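>>> Test case, fold it:
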Amino acid sequence: MKKRSIAALTAALAAAPLLATGVPGQPAVAADSGPTLLRGVDLDTVTIPELQERMDRGALTSSELTRSYLRRIKAVDPKIHAVLRTSPTALRQAAASDVRHRLGKVRGPLDGIPVLLKDNVNTRDMPTTAGSTALAGSPPDTDADLVVKLRAAGAVILGKTNLSEWANFRAAKPTSGWSAVGGQTNNPYVLDRNPCGSSSGSAAALAASLAQVAIGTETDGSIVCPAGMNGIVGHKPSLGLVSQSGVVPISAEQDTAGPMARNVVDTAITLSVLSGDGAARALGLTDGGTHPAGLRGKRIGLWRLPSLGAGTDALMTRTAARLRAAGAVVVEVTPPYQDRLAELEFPALLSEFHRDIDAYLATRNGPRDLAGLVGFNRTHPAERTCFAGQELFEQALVAPPTTDPGHRAARAELKDLSRRSIDETMAAHDLDAIASPANPPAWTTDCARGDNDVIPSSTPAAVAGYPSLSLPAGFVGELPVGLLLMAGDRQDAELLSLGAAVERRLDAWRAPRYLPSVPSDTTR
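The predicted model follows:
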């Protein structure tokens, strides 16, 4: 695929008609969850370009928008526990944006737009805990680089979201969406079901329309699985497109922050700010933008993964039929080398986590290294209220250093095989993208059992450092399932453009109903 500018793509997407409807007969939100209408704007479906158009002509202010989201957080978040805290300066940030709009000095498409941040992204004015009470003291000294970019773009930093503690890299059998700081985040569609991890709060908050966009982070699956399981859009950017500086790490070889939203255009706009125009040019993305691609003639490889359940597989069959009806060519594929990737990835991450978390903790008040963190957890009962284990921490302490020849060979093989798994599959079938289910229907949250989350679809792109995009595919019973698209290195703009076309064709989004529970036999 020809590379194109992310900025040009977002301009084209903003001019195109976008998904703006739910499912007939489905109530948008439970009656006691607070209104989603603001001056005739439906917060469930409105896009950033639509908000900016209203703010530019004085029909809406950032202050009104920010207050509306703060009211929704107060009304709705007690059901789902997605937002840890709101910023005490959010309304001042919004008022400053209103002045810029009145003076015609808007900083860009995110100016005045409320954004939630996963609580492993450093903020100088709010705690950054990674979900652990070990970091619940004073905030970091500086913002993460990506937060600096968001503030410079005029975004309203609305608050911080809950996450799977330490981004799900602590226990052998964790429960996604749980942290000692924030407790358990619930899936807004069915409250006793899991939101997937580790960007659980960011995804659940967007599903519940508690902000316009949010920032998640991923090492392997932590953006795209929560996006799929909560019925929203999540983009894991190409490695290096978004700065890692100031983000609590697992592994510099795989970690990235990325945008999450209720539609592709908002996702693309947020990525353009996170990456920066200069970064896009340096990566060779040209300015030859086009209108959002249609599906006619697009070639998509479907990696079915029937192990995710009969309901998910049937949804993939229906999805393929709808894409073919729109003119796409869909061929079934199985990317190679997956068993070897699964064998090598975890040991490599253990070594890299020890290196990278030690470097991060040295910048914070609290435990100064991984050994200190292990000791902290042993002496603080709050860290053991859902699950007690910290087996991954303990294994990382004794893992070979990243200078070890065996580790270096394993990481080199991981990079080679993961890239070949995508590159060879795309070349063999002349594909524009590979598609797969992003998640099964959400499992019931259970601290004693832990997660049921063996979901291999995210691994090839995550290990390769290639982009992936999860967007709503439909439902199994009452629970959302996402379609994961992946492509080659630095093909983020092309993937988002294709994703916008798929989104319009599938038209699969609908607002959550906050059901207390559903029978398990309706979600298989």
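>>> Nearest the geometric middle of this protein, what residue?
Central residue of the chain (CA atoms, centre = their mean): I223, 3.0 Å from the mean position.
>>> residues touching G177, list them.
The contact partners of G177, taken as CB atoms under 8 Å, 6 or more residues apart in numbering, are 162-164, 184-186, 194-197, 200-201, 204, 445. Using the backbone N, CA and C atoms, a C-beta is placed for each residue, glycine as well.
>>> any chance you could map the helices in the stretch 401-524 of the chain?
Using DSSP state H, counting those that start in this stretch, the helices found in the stretch 401-524 of the chain span residues 405-429, 459-464, 492-506.
>>> any idea how far Q52 is from G108?
Distance of G108 to Q52, computed by CB to CB, to the nearest Å: 9 Å.
>>> For these two, work out which one has more neighbours and name it.
When G108 and Q52 are compared for neighbours, Q52 comes out ahead with 21 against 16, by other CB atoms under 10 Å.
>>> how many other residues sit next to the nearest residue to that one once chain neighbours are set aside?
Excluding its sequence neighbours, the residue lying closest to Q52 (CB to CB, 6 or more residues apart in numbering) is P109, at 5.9 Å. Neighbours of P109 under the rule other CB under 10 Å: 25.
>>> what does D192 give?
By the measure other CB under 10 Å, the count of residues near D192 is 15.
>>> same question, the one 4 residues further on
The burial count assigned to C196 is 34, neighbours taken as other CB under 10 Å.
>>> Is it correct that it is in contact with A207?
No - judged on CB atoms under 8 Å, C196 makes no contact with A207 at a distance of 11.6 Å.
>>> which of the helices of the stretch 401-524 of the chain is buried the deepest?
Among these, ranked by average contacts under mean count of other CB atoms under 10 Å, first place goes to helix 459-464 (a mean of 26).
>>> Return the backbone torsion pair for the most far-flung residue of the chain relative to its centre.
Distance from the C-alpha centroid of the chain peaks at L103, with 34.1 Å (CA atoms, centre = their mean). Here is the backbone geometry of L103 (degrees, to the nearest 10): phi -90, psi 0.
>>> Please, where are all the strands along the stretch 351-500 of the chain?
With DSSP state E, counting those that start in this stretch, the ranges of strands along the stretch 351-500 of the chain come out as 433-437, 468-476, 479-486.
>>> Repeat that for the stretch 1-150 of the chain.
37-38, 41-42, 83-86, 114-118.
>>> Can I get the last one in CSV, CA atoms only?
Extracted C-alpha coordinates of strand 114-118, given in CSV (Å, rounded to 0.1, in the frame of the first residue of the first chain):
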residue,chain,number,x,y,z
PRO,A,114,-11.8,16.1,26.6
VAL,A,115,-9.3,13.3,26.7
LEU,A,116,-8.9,10.6,29.4
LEU,A,117,-5.4,9.1,30.1
LYS,A,118,-4.7,5.5,31.2
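>>> I'd like the mean pLDDT over that strand, please.
Averaged across strand 114-118, the pLDDT comes to 99.
>>> So which other helices or strands are in contact with that strand?
Contact here means 3 or more CB pairs under 8 Å, 6 or more residues apart in numbering; DSSP states H and E; on that basis strand 114-118 packs against helix 62-80, strand 156-161, helix 200-207, strand 213-218.
>>> Go through those and pick out the most buried.
Comparing the helices and strands packed on strand 114-118 by mean neighbour count (mean count of other CB under 10 Å), helix 200-207 comes out on top with a mean of 34.
>>> ok now do V181, which residues does it touch?
Applying CB under 8 Å, 6+ apart, the residues near V181 are 84, 119, 129, 131-133, 136, 162, 165.
>>> One more: D451?
173-176, 194, 197, 443.
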